[in-house]
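S.K.: sequence first, predicted coordinates after that:
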Amino acid sequence: DGGITQSPKYLFRKEGQNVTLSCEQNLNHDAMYWYRQDPGQGLRLIYYSQIVNDFQKGDIAEGYSVSREKKESFPLTVTSAQKNPTAFYLCASSTPPGTTQNIQYFGAGTRLSVL
Amino acid sequence: DAKTTQPPSMDCAEGRAANLPCNHSTISGNEYVYWYRQIHSQGPQYIIHGLKNNETNEMASLIITEDRKSSTLILPHATLRDTAVYYCIVLASNTGNQFYFGTGTSLTVIP
């Protein structure tokens, strides 16, 4: 059953705490992405990675960090520096740029709230 | 960097065709038109994409005008499960990173 798995589905963060959101894919995609979605808004790009051990900042990277040690995994850490972390976080993956099928496939999302 | 304009909301009667418009007047020659939809509290789902020819798949049809400045997504027989926010995105196939999701069109299918 191929796809993108995000965990947990719901996550609560205490003040000053770092939390890590998991994203795993078995689609053999090279590129992976993290987006943030606030209520009633579209998606905003946080970080993306085109290949293992390489990643780039998106439009709203401040307060977040990522790693890409394996092709299948692209975890996102929401650090204590992110002062407004409450949002819906979405992970996606796609085939490499330059292919005609530049389609992003999304996970089910993680909803993060602050206690 | 909003490259597309969509109406904020639309209604459609169940069983009728839903026609969702999108304006992309600044589209470049190498940019494709993609459509995604997002059902409440779920991840976006890919629907269809095209460059300049009309496209059809099991979910929908995509009609792109000859000048490529606008397109229409057609759901031929809308069901209640098609109630969702629909996003129109333009993207060059060789960039692979910046999918700009605006606020889309909230489609409500009415029984």
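M.R.: Noted; the coordinates are in hand. Residues are numbered from 1 along each chain as shown, chains lettered A, B, ... in the order given.
S.K.: need the three-state assignment for A:S65.
M.R.: Three-state assignment for A:S65 (DSSP: H, G, I helix; E, B strand; the rest coil): strand.
S.K.: ok, it touching A:T77?
M.R.: Yes - using C-beta atoms under 8 Å, A:S65 makes contact with A:T77 at a distance of 4.7 Å. Where you see a C-beta, it was placed from the backbone N, CA and C, and this is true even at glycine.
S.K.: just list whatever residues bridge to B:I64.
M.R.: Going by DSSP bridges, B:I64 is paired in beta bridges with B:S71.
S.K.: what residues are up against it?
M.R.: In this structure, B:I64 makes contact with B:V33, B:G50, B:L51, B:K52, B:N53, B:N54, B:S70, B:S71, judged by C-beta atoms under 8 Å, 6 or more residues apart in numbering or on different chains.
S.K.: any chance of these in CSV, with neighbour count too?
M.R.: Formatted as CSV, the contacts of B:I64 follow (neighbours: other C-beta atoms under 10 Å in any protein chain shown):
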residue, neighbour count
B:V33, 24
B:G50, 18
B:L51, 15
B:K52, 14
B:N53, 8
B:N54, 12
B:S70, 18
B:S71, 23
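S.K.: between those, which sits nearest B:V90?
M.R.: Of all the contacts of B:I64, the one sitting nearest B:V90 is B:V33; the distance, using C-beta to C-beta, is 5.7 Å.
S.K.: wait, is the closest one part of a strand?
M.R.: Yes - remark: B:V33 belongs to a strand, assigned using three-state DSSP.
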